[in-house]
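Asks: sequence and computational prediction follow.
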Amino acid sequence: MPPPWVIPANFDGAKFRARYNLTREQFWVLGNLLFLKPGISIADDPPVIELNDPQPEQNRRLAQEQLSETPAGQLIRALAAVLLTEINNLRAAVIPPLPPRTLQQLKTAIINRIDDGTAD
């Protein structure tokens with residue numbers, strides 16, 4: 001499947017569909033992302049910005065905000081805690097057993113990845 005594109009606020013699906021002679025089944029919009037069905041290409045002149053070429057600083061800021069005390073941040077932290085538990089179970093099962101990781105180590109690793117841009 002082609003990567004999704006970030007669409008501008010003034011995106012008009014009907015004009016986009018007409019410009020590229022697409023049907024409603026060949027693309028869809030979810031939030032501010034445009035997705036194309038596999039095999040569909042608009043590479044000649046897409047009126048959208050490729051997600052693979054984003055504004056890294058804006059993405060880092062958004063990621064940092066998501067880790068804050070918001071409902072989305074709480075969900076992310078809960079998911080990370082569950083995954084950490086599973087990882088620690090696997091670490092304990094190897095021979096020789098590896099020491100478990102803590103939530104603080106995981107949080108620090110995530111924040112470092114966001115801050116230094118290696119999570120982009």
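Replies: That came through, no problem. Residues are numbered from 1 along each chain as shown.

Asks: how does this structure divide into domains?
Replies: If you go by automatic domain parsing, the domain ranges for the chain are 5-50, 56-116.

Asks: chain center to the longest one: distance?
Replies: Right, the one you point to is domain 56-116. Using CA atoms, centre = their mean, to the nearest Å, we find the averaged C-alpha position of domain 56-116 to lie 15 Å away from the chain's own average C-alpha position.

Asks: per-residue confidence for the residue nearest to Phe27 when sequence neighbours are not counted?
Replies: When the adjacent residues along the chain are set aside, Phe27 lies closest to Leu36, with 5.0 Å between them (CB to CB, 6 or more residues apart in numbering). Bear in mind the C-beta positions are built from the backbone N, C-alpha and C, glycine included. At Leu36 the predicted local distance difference test score is 84.

Asks: same check on Asp44?
Replies: We note a pLDDT of 55 for Asp44 in this prediction.

Asks: by mean pLDDT, which helix or strand of this protein comes out lowest?
Replies: Of the helices and strands making up the chain, the lowest-confidence element is strand 49-50, at a mean of 46, by mean pLDDT, DSSP states H and E.

Asks: buried sites along the helix or strand following that strand?
Replies: For strand 49-50, the following helix or strand on the C-terminal side (DSSP states H and E) is helix 56-66. Within helix 56-66, the residues scored as buried using 16 or more other CB atoms under 10 Å are Arg60, Ala63.

Asks: tell me the contacts of Pro4?
Replies: Pro4 makes contacts with Leu30, Leu33, Leu34, Phe35, Leu51, as judged by CB atoms under 8 Å, 6 or more residues apart in numbering.

Asks: thinking again about what came up before, least reliable of the domains of the chain going by mean pLDDT?
Replies: Within the domains of the chain, confidence is poorest for domain 5-50, with a mean of 76 (mean pLDDT).

Asks: for it, what is the distance to the chain centroid?
Replies: Using CA atoms, centre = their mean, the offset of domain 5-50 from its chain centre is 19 Å.
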